[in-house]
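Trainee: One predicted model, sequence on top.
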Amino acid sequence: MRISPCAWIMDCGFYAKTGMWPSSRGLTSLSAEVTHNHPEGVKGAMATADAIFLCRFYFGGYCREYEQSINDNPTECKRRIKDYIEKEYDYNLSQTLDEIRPNYRFNETCQETVPQAIIAFLESRDFEDAIRNAISLGGDSDTLAAITCSIAEAAYGIPDWIKDKAYSYLDEPLKDVVRRWENRIKAY
């Protein structure tokens, strides 16, 4: 759940120009190893960060520097992200949410959470829909929503009304952290 900042500091421009992953990608592994000292935990963190980064790359229009722009075609953006995650991480993302829901139960393992969270994003139309998809699965729904929404933010942004409502619950020190973070990532 703390992986998304690692994906936000990866330089999409570097990837667009070179086709190589930014060196800051390694921060994801380092961050995950602190509490997820199992290869599957690190794999899940890497898959999540890559999905976020690829959303920034495709939906953000960076790919136009490297290949034909597809940011105006969400279906194609999602197909490429799905294909990459399936190939790179050997996750099966072919199930639908309707197929997952009947048998899905609480499971704290990455291999039973990350693919489902990515599918919840892939089936979404916007940020709010992504939240609803993740929660609809049940199980470890706060983790599912955190993963799904970190990916959805990179694709769709967060609607102002949701940001404002969430922000209203924060105390001043946390609001300061959010402001500093938002200012920091503007460079990426």
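Mentor: Sure, I can see it. Numbering: from 1, shown residues only.
Trainee: Please count neighbours and contacts with C-alpha atoms only from this point.
Mentor: Fine.
Trainee: Is Ile151 within a helix or a strand, and which one?
Mentor: Element membership for Ile151, per DSSP states H and E: helix 141-156.
Trainee: so where is this protein shaky, pLDDT-wise?
Mentor: The chain contains residues with pLDDT under 70 at 1, 63-71, 188.
Trainee: residues contacting the residue nearest the centre of it?
Mentor: Closest residue to the average C-alpha location of the chain: Ile151 at 2.4 Å, with C-alpha atoms, centre = their mean. Contact analysis of Ile151 by C-alpha atoms under 8 Å, 6 or more residues apart in numbering lists 4, 48, 51-52, 55, 118, 121.
Trainee: One more pass at 10 Å, please.
Mentor: By C-alpha atoms under 10 Å, 6 or more residues apart in numbering, Ile151 lies in contact with 4, 7, 48-56, 117-118, 120-122, 127, 130, 145, 157.
Trainee: what's the answer for Asn103, then?
Mentor: Asn103 neighbours (C-alpha under 10 Å, 6+ apart): Leu137.
Trainee: Could you name the helices and strands sitting against the very next helix or strand once past the helix holding Ile151?
Mentor: Heading C-terminal from helix 141-156, the first helix or strand you meet, by DSSP H and E, is helix 160-168. With contacts defined as 3 or more C-alpha pairs under 10 Å, 6 or more residues apart in numbering; DSSP states H and E, helix 160-168 has these neighbours: helix 172-185.
Trainee: For burial, what's the neighbour tally of Thr96?
Mentor: 13 (other C-alpha atoms under 10 Å).
Trainee: for it, what are its contacts?
Mentor: By C-alpha under 10 Å, 6+ apart, the contact list for Thr96 reads 116, 119-120, 122-123.
Trainee: Recalculate using a threshold of 8 Å.
Mentor: Counting by C-alpha under 8 Å, 6+ apart, Thr96 has contacts 119, 123.
Trainee: How much space separates it from Asp164?
Mentor: Relative to Asp164, Thr96 is positioned 32 Å away (C-alpha to C-alpha, to the nearest Å).
Trainee: cool, and Ala32?
Mentor: Counting by C-alpha to C-alpha, the gap from Ala32 to Asp164 is 29 Å.
Trainee: residues of the longest helix along the chain that come out buried?
Mentor: Secondary structure of the chain per DSSP state H: the longest helix is helix 39-59. Of all the residues in helix 39-59, those buried under the rule 16 or more other C-alpha atoms under 10 Å are 41-59.
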